[in-house]
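1. Let's see this in three dimensions:
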Amino acid sequence: MTEAREVWQAEFDRAGIPRRVRVRDTDAVPRRRATVVDGARSADLGLEFRDRPFYLVLRDGWTTCLQGFPPDAAAAAAAADRWLGGERPGPVAAAWPFLGSVALAEARERGDRGESRWLWLYENHCSDPIGDRLAPFVALAFHEPRLRALPPLTSHFTLHFGRDSPLVTPVAPGRFRVRTRDGRAHDETDAAGALEIMLADLTT
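-> Okay, the predicted model is just below:
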């Protein structure tokens, strides 16, 4: 079975990019992840993640700045090389849209966690399962200023905005249940109905 390090090193070599790929996982053979490091920055390539052949994560220290599913190893190598060379997140995202939007990249760069979380949920460019199930609600909530001012949090497919906020949970495709701050579980409704209940609860 193919190893991530071999796949990626071959692509760097083919493109004439002088980067050395090393194994990331030391306890798995064949190894499915590989990394390239340059100073504080790193690029990690994973094989076969969520039914996609490749998954690329670009980090600065411990902070994930960009991530996504490259169409092939060549795109992964090119994006990684530009990142490791010191390019800012926005231009890298602009050149390789599979890494998410420029807006998301810039929000992460400036440390705006609330905006980053909203854009991550709204764009859902990595097909996150939580984002998939919440998508109809998030598509509406994203444009509501009262909610955009609050950083969204997710846990066990439930979306909320802190310890003292209503909760919205997907119960079926396009259907949601809201639990308001008084503990009341409202009847199942569509995304627009869930948004209306949540906004009403936040204004009381």
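
2. following the worst-scoring helix or strand of the chain on mean pLDDT, which helix or strand comes up?
-> In the chain, no helix or strand scores lower on mean pLDDT, DSSP states H and E than strand 22-23, which sits at a mean of 88. Next in sequence after strand 22-23, counting helices and strands by DSSP states H and E, comes strand 33-38.

3. coming back round to it: other SSEs contacting the least confident helix or strand of the chain?
-> Counting contacts by 3 or more Cβ pairs under 8 Å, 6 or more residues apart in numbering; DSSP states H and E, strand 22-23 packs against helix 4-14, strand 33-38. In short, each C-beta sits where N, CA and C put it, glycine included.

4. Put together JSON lines for those, with mean neighbour count, mean pLDDT and distance to V138 on each row.
-> Formatted as JSON lines, the helices and strands packed on strand 22-23 follow (neighbours: other Cβ atoms under 10 Å; pLDDT from 0 to 100; distance: least, Cβ to Cβ, whole Å):
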{"stretch": "helix 4-14", "mean neighbour count": "19", "mean pLDDT": "93", "distance to V138": "32"}
{"stretch": "strand 33-38", "mean neighbour count": "19", "mean pLDDT": "94", "distance to V138": "30"}
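
5. export stretch 86-98 as PDB, just CAs?
-> What follows is stretch 86-98, C-alpha atoms only, in PDB (Å, rounded to 0.1, in the frame of the first residue of the first chain):
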ATOM      1  CA  GLY A  86       6.400  32.400   4.100                       C
ATOM      2  CA  GLU A  87       3.300  33.400   2.000                       C
ATOM      3  CA  ARG A  88       0.400  34.800   4.000                       C
ATOM      4  CA  PRO A  89      -2.800  32.700   4.300                       C
ATOM      5  CA  GLY A  90      -5.000  34.900   2.200                       C
ATOM      6  CA  PRO A  91      -2.900  34.600  -1.000                       C
ATOM      7  CA  VAL A  92      -2.400  30.900  -0.500                       C
ATOM      8  CA  ALA A  93      -6.200  30.400  -0.200                       C
ATOM      9  CA  ALA A  94      -6.800  32.600  -3.300                       C
ATOM     10  CA  ALA A  95      -4.400  30.500  -5.400                       C
ATOM     11  CA  TRP A  96      -5.800  27.200  -4.100                       C
ATOM     12  CA  PRO A  97      -9.500  27.500  -3.300                       C
ATOM     13  CA  PHE A  98      -9.700  23.900  -2.000                       C
END
